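**Student:** Below is the sequence, then the predicted model.
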Amino acid sequence: MQFQALGCSGSIGNGHNTTSFLIDDDILIDAGSGLGTLSLDAMCKIDHVFLSHSHIDHVALLPLLADATLSLRSKPIVVHATKPTLDSLSDHVFNWEVYPDFREIISDGHPAVNFSVIEPNKPVSIGGRHLTGIPVEHTVPTVAYHLAGGDGSLVVATDMTISDKFWPVVNAIDDLRYLLIESAFQEARLGLCQDSGHLCPSMLRSELLKLERPAEIFVVHMKSSAEDNIRREIAALDIIYEIRFLADGDILAL
Ligand SMILES: [Zn+2]
Ligand SMILES: [Zn+2]
């Protein structure tokens, strides 16, 4: 299995793109601006989009994906998310004002997209790949995703703040291999992190102290404007784990 970061930044600028991860060539986790780096041919291969939450840096290009591929696909794109996230998309994006409701736009006998509600902590299996939404704390209902079915498991937690109920679920993943976790802001923005449901380096450290099994840890979702400070502050953390930084375009094999 291949997991590619099309975008894993917390904001755009300086060539960075926001959250979108491609699993093999047909499953997407989030549809931030990183999705726009794919060719049209590659976009047409995406059959499933799993959304972590409704924030624009994670859903911005979903309507544009539906529009770009509608006449080129033989079946709908299935959008998987929790009910609050899908309700938010229905109310605020696919509402015929911001953009058409692509569930109602038919081409060659099929709609552009279908919605599929996921339940927290219940896996959805697609061709041997298993994705499970794990609830995390953020300002709106949000899940991290546990990706299983390959050589080890991957958990990607973007976005989140202090999330006590998240860690027992992660600690129960026997074959955990990769943990991708956010640090959106620098230490000077601790108050903003608390207000906006994110982590800064000291909060990341306190969260990682709850991790009870080895994993390769990668930081994601850094704000472009604060990246240098975040990297410096994480490098200076007193913690046993080696912490690396995922970059747009990076591929993890599992
Ligand atoms: Zn968010
Ligand atoms: Zn975000």
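**Tutor:** Received it, and whenever you're ready, just let me know what you need. Ligands and ions are numbered 1, 2, ... in the order given.
**Student:** Up against ligand 1, what does the stretch 151-254 of the chain have?
**Tutor:** Asp159 (C-beta under 5 Å from the ion). Just so you know, the C-beta spots here come from the backbone N, C-alpha and C atoms, and that holds for glycine as well.
**Student:** Show the residue spans covered by the strands in the stretch 151-254 of the chain.
**Tutor:** 152-157, 176-182, 216-220, 243-245, 251-253 (DSSP state E, counting those that start in this stretch).
**Student:** Return the list of helices and strands in contact with the second one.
**Tutor:** Strand 176-182 sits against strand 152-157, helix 201-208, strand 216-220, with contacts defined as 3 or more C-beta pairs under 8 Å, 6 or more residues apart in numbering; DSSP states H and E.
**Student:** deepest of the ones you listed, which one?
**Tutor:** Compared across the helices and strands packed on strand 176-182, strand 152-157 shows the largest average neighbour count, a mean of 23 (mean count of other C-beta atoms under 10 Å).
**Student:** Who are the packing partners of that one?
**Tutor:** Packed against strand 152-157, as judged by 3+ C-beta pairs under 8 Å, 6+ apart, are the following elements: strand 129-136, strand 142-150, strand 176-182.
**Student:** The helices and strands packed on strand 176-182 into JSON lines, with extra columns for distance to Asp91 and mean pLDDT?
**Tutor:** Supplementary listing: the helices and strands packed on strand 176-182 in JSON lines, determined by distance: least, C-beta to C-beta, whole Å; pLDDT from 0 to 100:
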{"stretch": "strand 152-157", "distance to Asp91": "26", "mean pLDDT": "98"}
{"stretch": "helix 201-208", "distance to Asp91": "31", "mean pLDDT": "97"}
{"stretch": "strand 216-220", "distance to Asp91": "28", "mean pLDDT": "98"}
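**Student:** Of these, which is nearest ligand 2?
**Tutor:** Closest to ligand 2 of the helices and strands packed on strand 176-182, according to C-beta to the ion: strand 216-220, at 9.4 Å.
**Student:** partners of the closest one in the sheet?
**Tutor:** Strand pairing for strand 216-220, determined by DSSP bridges: strand 176-182 (parallel), strand 243-245 (parallel).
**Student:** if you average pLDDT over the longest one, what comes out?
**Tutor:** Per-region confidence: strand 176-182 scores 98 on mean pLDDT.
**Student:** Go ahead and confirm Asn229 touches Gln186.
**Tutor:** Yes: distance between Asn229 and Gln186: 4.0 Å, which falls inside the contact criterion (C-beta atoms under 8 Å).
**Student:** who's more crowded, these two?
**Tutor:** Neighbours per residue, other C-beta atoms under 10 Å: of Asn229 and Gln186, the larger number sits with Gln186, 23 against 18.
**Student:** measure the more buried one to Asp248 for me?
**Tutor:** Between Gln186 and Asp248 the distance, using C-beta to C-beta, to the nearest Å, works out to 20 Å.
**Student:** How about Leu40?
**Tutor:** Separation of Leu40 from Asp248 (C-beta to C-beta) stands at 19 Å.
**Student:** Give me the more crowded residue out of the two.
**Tutor:** Neighbours per residue, other C-beta under 10 Å: of Leu40 and Asp248, the larger number sits with Asp248, 18 against 9.
**Student:** isn't Gln186 right next to Ser225, touching?
**Tutor:** No: under the criterion of C-beta under 8 Å, Gln186 lies out of contact with Ser225, with a separation of 9.1 Å.
**Student:** can you pull the contacts of the residue in the stretch 1-150 of the chain that ligand 1 sits nearest to?
**Tutor:** Residue nearest to ligand 1 within the stretch 1-150 of the chain: His55 (3.5 Å; C-beta to the ion). When the contact criterion is C-beta atoms under 8 Å, 6 or more residues apart in numbering, the partners of His55 are 140, 159.
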